[in-house]
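attaching a predicted model along with its sequence, questions to come.
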Amino acid sequence: MKIKHASVNICSPGRNFVTLKIETDDGIYGLGDGTLNGRELAVASYLSEHVIPCILNRDPFQTEDIWQYLYRGAYWRRGPVTMSATAAVDMALWDIKGKALNTPVYNLLGGRSRDGVLVYCHAHGADIEEACDDVARHREMGYKAIRVQSGIPGLDATYGVPKGALPYEPAERGLPPESRWSTEKYLLHVPKLFARVREQFGDDLHLLHDCHHRLSPIEAARLGKELEPFHLFWMEDPVPAEFQEGFRVIREHTTTPIATGEVLNSIWDVHDLIRNQWIDYARLTLTHAGGFTALKKIADFAELYHVRTGCHGPTDLSPVCMAAALHFDLAIHNFGIQEHMPHNKETDEVFPHAYRFEDGFMFPGDGPGLGVDLDEKLAAKYPYQRAYLPVLRKLDGTLWDW
Ligand code: GCO
Ligand code: MG
């Protein structure tokens, strides 16, 4: 079997998605997600201009060699654009392998290691009251693990709390919107939020929280310590993730479990975090970290140090990535949890899929390959629209991490 043709689809059924379709000479095709929120066209052009010409006529079963060719062979390595493009190829090739062998991708990764994939959802509210109502709503839907974010008194906007009733993360059309931030106000508020949630919902729910890269190591240490009585499943991205040594300071002060990695894209970015046991959960995604071939190696390395996975699963990754993540999560031994933000109706229609949610768990489906498709006709009705994530400044105007 040979790769005969490959094309990049860019569509925007509510938000932008970059999908690679690889076709073989015997009629099988595979899909890969290369979406990088706010930088979509860079990946699309990296694929069309630099990657596709190099993979034509290759054997799609050679996932290891093709991955090495795109990583080592390019001389320039790592980085979110490169790794997302490489991931799109890798994902599509595993999809092809599964279809060619008539088996779900999880069987190629080691087979099922569990019955279903534990997922966490997002609950949020403008204040503690509203956040608790949203926790109750998600618990009713069956979720066993819930991330909780709330508005901060004295701040107009904060991460994780959408404007109005919108369920989605911001990626706004036009130029990046800006909002203001105060670490002091945030640190005073979050322990009150979790004290209230635990009081109302008891000990059974897994609770998570995302600091979204905004604290210094010692501030994060303080927060982790103050959250200990509420035994969180994890505290996410306490400090900017590229500062690996910063996690040592946090670790020295608190037993609150730490998760990071959604903005990282290679094993080298988490090497120190894992081997020093500074984190508990690695959140890299299949899309941004080079696909199955790369993430399996990261997970296997992490397993030695009792670090588990917690793949990023926002709506700015397409259902192709979600499907791929579920196969991965089902198969690897050191799976921790999977993030689940449901896509909107239009996205689900453009990407028909076999995966499903039931009673707090997700299941990838047992058909061949990844079990997800792309309706190209429908996708054409939703053309790309430039959109950006917000930019953050402190109250005095200093640029900060969003
Ligand atoms: C999460 C993430 C997202 C990111 C988004 C950026 O934990 O789900 O932090 O909310 O902000 O994916 O594109
Ligand atoms: Mg996050």
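Noted; the coordinates are in hand. Computed from a predicted structure; not experimentally measured. Ligands and ions are numbered 1, 2, ... in the order given.

elements contacting the longest helix belonging to the chain?
Among the elements of type helix in the chain, defined by DSSP state H, the one spanning the most residues is helix 80-101. Contacts of helix 80-101 with other secondary structure elements, assessed using 3 or more CB pairs under 8 Å, 6 or more residues apart in numbering; DSSP states H and E, are made with strand 17-24, strand 29-33, helix 40-45, helix 63-71, helix 105-108, helix 291-304, helix 319-331. (Each C-beta comes from the backbone N, C-alpha and C, glycine too.)

Pro80 is nearest to which of these?
Distances from Pro80 to each of the helices and strands packed on helix 80-101 were compared using CB to CB; the shortest belongs to helix 40-45, at 8.3 Å.

for that closest one, give me every contacting residue.
By CB atoms under 8 Å, 6 or more residues apart in numbering, the list of residues contacting helix 40-45 from outside reads 8, 10, 16-18, 34-36, 81, 84-85, 88, 384.

domain parsing for this protein?
Residue ranges for each domain of the chain read 3-103, 108-366, as given by automatic domain parsing.

can you give me the end-to-end distance of the longest one?
The one in question is domain 108-366. In terms of CA to CA, to the nearest Å, the two terminal residues of domain 108-366 are separated by 12 Å.

pLDDT averaged over it - what is it?
Averaged across domain 108-366, pLDDT comes to 96.

could you turn the buried ones of the contacts of helix 40-45 into a ChimeraX selection?
Selection of the buried residues among those in ChimeraX, burial being defined by 16 or more other CB atoms under 10 Å:
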select :8,10,16,17,18,34,35,36,81,84,85,88
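
near ligand 1 too, which of the contacts of helix 40-45?
Contacts with ligand 1 within the contacts of helix 40-45, counted by CB under 6 Å from any ligand atom: none were found.

just the closest of the contacts of helix 40-45 to Gly290, please.
Ranked by distance to Gly290 (CB to CB), the contacts of helix 40-45 are led by Ser84 at 8.5 Å.

list the contacts of that closest one.
Val18, Gly34, Thr35, Leu36, Val43, Asn265, Thr287, His288.

coming back round to it: quick one: which of the domains of the chain is nearest Lys394?
Distances from Lys394 to each of the domains of the chain were compared using CB to CB; the shortest belongs to domain 108-366, at 5.5 Å.

and ligand 1, is that closest one touching that?
Yes: part of domain 108-366 sits near ligand 1 under the criterion CB under 6 Å from any ligand atom, namely Glu169, Asp210, His212, Glu262, His312, Pro314, Asp316, Glu339.
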